[in-house]
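Peer 1: Quick one, fold the following:
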Amino acid sequence: MYSKLNFKIYGAANSGDLDLIEDNLKSQEGIRAVKLFPAKGHTEIKMEIDAAKITKDQVFDIIKISGDLRIVEQEGIKSKINAEAQKMDISLPTGSPGWFENFLSKNPSKAFFVLGLLVSIFIMSLIANILFGFIWFKSREVQASGPGNLVQNNPAPAPQAPSPGPEAPAVGQIQDFSITKNDHVRGNFDAPITLVEYSDFECPYCGKHFPTLNKILNDYKGQVRLVYKHFPLSFHQNSEKAAEASECASEQGKFWEYHDKLFENQSGGYSIANFKQWANDLNLDTSKFNDCLDSGKFASKVQADLADGQNRGVGGTPATFVNGQLVSGAVPYESFKNVIDQILNNN
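Peer 2: Take a look at the predicted model:
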């Protein structure tokens with residue numbers, strides 16, 4: 001059964017974010033058509049889905065992983081008219097292109113009420129759109145005017161939050177992480193700055209985030225370490241198995257090599273056959289790797305990371321904690337650089 005969705009999103013920072021949203025939606029099974037209509041302050045999205053394969057809530061989850069976005073559903077005018085007409089005990093014909101004209105010709109005495117209803121619905125819709133836009137712009141203005149404190153190495157009094165969204169770190173409760181040799185750590189283990197990333201190998205925003213983190217590690221050699229945690233999203237078909245495959249590679253001492261291989265090949269799609277081929281490409285013991293992957297040996301470890309992230313307030317990917325402060329979404333390199341430089345200057 002096919003359904004049409006029509007809604008607006010508020011908070012997308014730039015055309016690149018919209019392109020990622022569109023690409024991610026089009027890649028999902030069950031989504032038949034997607035159209036984005038950017039406007040001032042928001043973007044309208046119209047789409048058709050196969051309700052047997054994907055739900056409206058799953059569509060909204062896919063969109064929300066990109067950052068601080070607000071979704072407002074658009075109810076069709078015709079459905080509003082039908083609902084109001086039902087309250088007035090008026091039977092409206094449906095299914096034909098000229099239903100309105102047919103109705104007026106058969107019910108001339110009620111034409112005044114229907115026309116009045118149309119006008120009132122139009123006016124209410126106009127007022128609602130103006131109100132939503134005003135509230136959204138005022139909220140962004142207030143958030144942007146507040147001073148933001150940057151994270152310190154040790155927990156400090158609650159900082160004032162900067163403007164949320166893809167362009168700035170989101171400030172929340174500072175988390176305490178105990179990093180051990182059993183964690184996946186890239187960079188100087190004793191570095192003063194720790195980035196703990198909760199990520200999904202199949203998430204396109206995580207793919208966009210991948211080179212940003214590599215640049216940080218290269219530019220701040222010895223000063224930053226990256227810790228990888230699994231956070232596979234339920235609507236990504238192969239993300240959990242990809243995470244398990246990376247753990248099977250880790251068992252043979254090549255977690256980061258396999259991690260890089262997954263992100264470098266993300267655009268081509270994932271499959272069990274691909275996971276096994278990439279293990280062979282990295283000269284792993286393929287028999288041991290295949291047995292590990294087929295048995296689900298590390299499924300519980302992946303789920304433990306997921307639960308840990310949820311307990312720390314992670315709701316989407318990528319989510320990166322900078323010395324315990326949560327930065328949501330694939331934010332630009334400069335946003336991380338500002339935070340890291342502030343920490344280093346204060347030490």
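Peer 1: for G187, what are its contacts?
Peer 2: Contact analysis of G187 by CB atoms under 8 Å, 6 or more residues apart in numbering lists 217, 221-222, 224-226. The way it works is simple: take the backbone N, C-alpha and C, and place the C-beta from them, glycine included.
Peer 1: State the distance from it to F177.
Peer 2: Between G187 and F177 the computed distance is 15 Å (CB to CB, to the nearest Å).
Peer 1: what does L117 give?
Peer 2: 58 Å.
Peer 1: more crowded one of these two?
Peer 2: L117 (17 against 14; other CB atoms under 10 Å).
Peer 1: can you confirm the more buried one is in a helix?
Peer 2: Yes: counting by DSSP: H, G, I helix; E, B strand; the rest coil, L117 is found in a helix.
Peer 1: And it, how close does it get to N129?
Peer 2: Taking CB to CB, one finds L117 at 19 Å from N129.
Peer 1: Then A304?
Peer 2: 45 Å.
Peer 1: Burial check on Q303, number of neighbours?
Peer 2: Neighbours of Q303 using other CB under 10 Å come to 14.
Peer 1: for whichever strand or helix holds it, the distance to its chain's centre please.
Peer 2: Assigned by DSSP states H and E, Q303 belongs to helix 299-311. Between the centre of helix 299-311 and the centre of its chain there are 18 Å (CA atoms, centre = their mean, to the nearest Å).
Peer 1: so after that helix, what's the next helix or strand?
Peer 2: strand 319-322.
Peer 1: Partner strands of the helix or strand following that following strand, with direction?
Peer 2: Next in sequence after strand 319-322, counting helices and strands by DSSP H and E, comes strand 325-328. Partners of strand 325-328 in the sheet, by DSSP bridges, are strand 319-322 (antiparallel).
Peer 1: What is the neighbour count of the nearest residue to H184 once chain neighbours are set aside?
Peer 2: For H184, ignoring the flanking residues on the chain, the nearest one in space by CB to CB, 6 or more residues apart in numbering is Y228 at 4.3 Å. Residues near Y228, counting by other CB under 10 Å, number 21.
Peer 1: Isn't Y228 up against S199?
Peer 2: Yes: look at Y228 against S199 with CB atoms under 8 Å: they come within range, at 6.5 Å.
Peer 1: pLDDT below threshold where in the stretch 101-250 of the chain?
Peer 2: Along the stretch 101-250 of the chain, the parts satisfying pLDDT under 70 run over 101-112, 114, 132-172.
Peer 1: Could I get the full set of strands for the stretch 151-300 of the chain?
Peer 2: 184-187, 193-199, 224-230 (DSSP state E, counting those that start in this stretch).
Peer 1: do you know which of these lies nearest F37?
Peer 2: Of all those, strand 193-199 sits nearest to F37, with 30.8 Å by CB to CB.
Peer 1: Can you check what angle separates that closest one from helix 299-311?
Peer 2: Put simply, strand 193-199 runs at 110 degrees to helix 299-311, going by axes from the mean of the first three to the mean of the last three CA atoms, to 10 degrees.
Peer 1: what about strand 193-199, distance to the chain center?
Peer 2: Worked out by CA atoms, centre = their mean, strand 193-199 lies 17 Å from the chain centre.
Peer 1: Ok, stretch 215-225 next?
Peer 2: 26 Å.
Peer 1: again with stretch 246-259
Peer 2: 26 Å.
Peer 1: Now do the contacts for the nearest residue to K301 once chain neighbours are set aside.
Peer 2: Closest residue to K301 apart from its sequence neighbours, by CB to CB, 6+ apart: E247 at 5.9 Å. Taking CB under 8 Å, 6+ apart, we find E247 in contact with 255, 292, 297-298, 301-302.
Peer 1: Among those, which one sits closest to A243?
Peer 2: Among the contacts of E247, and counting by CB to CB, the member closest to A243 is V302, at 4.4 Å.
Peer 1: Buried among the contacts of G187? Make that a ChimeraX selection.
Peer 2: Selecting only the buried entries of these in ChimeraX, with 16 or more other CB atoms under 10 Å as the criterion:
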select :217,224,225,226
